[in-house]
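# Structure here, sequence nowhere to be found:
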């Protein structure tokens, strides 16, 4: 059985159109006009047990709205979903005990209390057996390396330490599904890497399914082999991370080190010179022309070192977003826009 099955999920909001000026405000009291905003527009996907899937998109694409529907916080306008076999917005107790939602910008721990007190509160909320609770808590504290901080008020913890405590709280009842909304937002590189490592180990040992939204591509590369890309409320790509680079990364990056003290001056004929420093040049070349360009350069010049890389994931994702924006503009241009009363 799939952990998540979403079919044609739609979430539409009616937004009041405000007219400028005092006259517009007065007319709005009696003649209100609304426009429909499609936060999510026909999203469909399926996630199997144990998968770690990245859910990517620009701000306002519908990622958080989708997570809220899948966790039962809001109802969809249309469409269906099954999460762990349940309809999430029916909010069965057994469903709510089977998943966790962690939002990087929202705390679930009590700010002025030690994290240990919040953990005890979670034990009462989920009616966890004391022995099982203590064993699970001990394992999680060891995994995240924060055992000595449980008696310290949450407000005195660093941002990275607080996020580790948030994740521990989310995992105390051993959920089968973990929904992560920007879990490393604002964290330094060391804290990000630590959390990535802990989540990988937890997935490997417990088989918990994870759906992750993040603007940090290091999170995606470290944790997920599959990517869902959403733009303007629609799924634009669903597939392996590696294929995403092949499909939307139209170039390769050649790093060349020449034997002479300076690089040749005519390399622009092969591609775009991204960076040049002495004998070392970074050259962006069309993916289809890499072999020919490299062969020609090696024939003409003495090269002491060469490497070929895919473009950074950030640039690939940016291109996906740009294509989604162009598609949306074309659709709006052909269909026009309407305002409902």
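Looks like it arrived, so ask away. Keep in mind it's a predicted model, so treat the numbers as computed, not measured. Numbers count the residues shown, from 1 in each chain.

# Wait, a helix at residue 326?
Yes - according to DSSP: H, G, I helix; E, B strand; the rest coil, residue 326 belongs to a helix.

# Tell me where this structure has strands.
Secondary structure of the chain (DSSP state E): strands at 4-16, 34-47, 52-56, 78-83, 99-103, 177-181, 209-213, 226-231, 234-240, 251-258, 272-277, 280-286, 303-309.

# could I get the ones you listed as a markdown table with distance to residue 109?
Yep, even glycine has a C-beta here, placed from its N, CA and C like the rest. Putting the strands of the chain into a markdown table (distance: least, Cβ to Cβ, whole Å) gives the following:
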| stretch | distance to residue 109 |
| --- | --- |
| strand 4-16 | 26 |
| strand 34-47 | 28 |
| strand 52-56 | 24 |
| strand 78-83 | 25 |
| strand 99-103 | 11 |
| strand 177-181 | 16 |
| strand 209-213 | 20 |
| strand 226-231 | 29 |
| strand 234-240 | 33 |
| strand 251-258 | 43 |
| strand 272-277 | 44 |
| strand 280-286 | 45 |
| strand 303-309 | 41 |
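
# Put together TSV for those, with mean pLDDT, mean neighbour count and distance to residue 27 on each row.
Listed next are the strands of the chain as TSV, based on pLDDT from 0 to 100; neighbours: other Cβ atoms under 10 Å; distance: least, Cβ to Cβ, whole Å:
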stretch	mean pLDDT	mean neighbour count	distance to residue 27
strand 4-16	91	16	12
strand 34-47	89	18	14
strand 52-56	95	25	41
strand 78-83	96	18	32
strand 99-103	93	21	39
strand 177-181	95	23	39
strand 209-213	96	25	40
strand 226-231	92	23	35
strand 234-240	91	17	35
strand 251-258	91	20	53
strand 272-277	90	12	54
strand 280-286	92	18	54
strand 303-309	92	12	59
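
# mind checking which of these is nearest residue 159?
Closest to residue 159 of those is strand 99-103 (Cβ to Cβ; 14.1 Å).

# in its sheet, what does that closest one sit against?
Note on strand 99-103: by DSSP bridges, its sheet partners are strand 177-181 (parallel).

# Report the angle between the strand it pairs with and strand 209-213.
With axes from the mean of the first three to the mean of the last three Cα atoms, to 10 degrees defining the directions, strand 177-181 sits at 10 degrees from strand 209-213.

# quick one: the most centrally placed residue in the chain from residue 286, how far?
Centroid check for the chain by Cα atoms, centre = their mean gives residue 213 as the closest residue, at 2.2 Å. Distance, residue 213 to residue 286, by Cβ to Cβ, to the nearest Å: 32 Å.

# now swap in residue 41 and tell me
Taking Cβ to Cβ, one finds residue 41 at 34 Å from residue 286.

# go on, residue 14?
Taking Cβ to Cβ, one finds residue 14 at 46 Å from residue 286.

# what's the answer for residue 84, then?
45 Å.

# which residues of this protein fall in helices?
Ranges of helices in the chain, per DSSP state H, are 21-30, 63-70, 93-96, 115-125, 130-144, 159-171, 189-206, 217-223, 241-248, 290-300, 313-335.

# contacting residues around the second one?
Think helix 63-70. 4, 6, 9, 11, 39-40, 43, 55-57, 74-76, 81, 83, 88-89, 101, 103, 179, 181, 211, 213, 230 (Cβ atoms under 8 Å, 6 or more residues apart in numbering).

# now it, how far from the centre of its chain.
Helix 63-70 sits 12 Å away from the centroid of its parent chain (Cα atoms, centre = their mean, to the nearest Å).

# If the nearest residue to residue 233 once chain neighbours are set aside is in a bridge, with which residues?
Using Cβ to Cβ, 6 or more residues apart in numbering and skipping residues adjacent in sequence, the residue nearest residue 233 is residue 41, 3.5 Å away. Beta-bridge partners recorded for residue 41 (DSSP bridges): residue 10.
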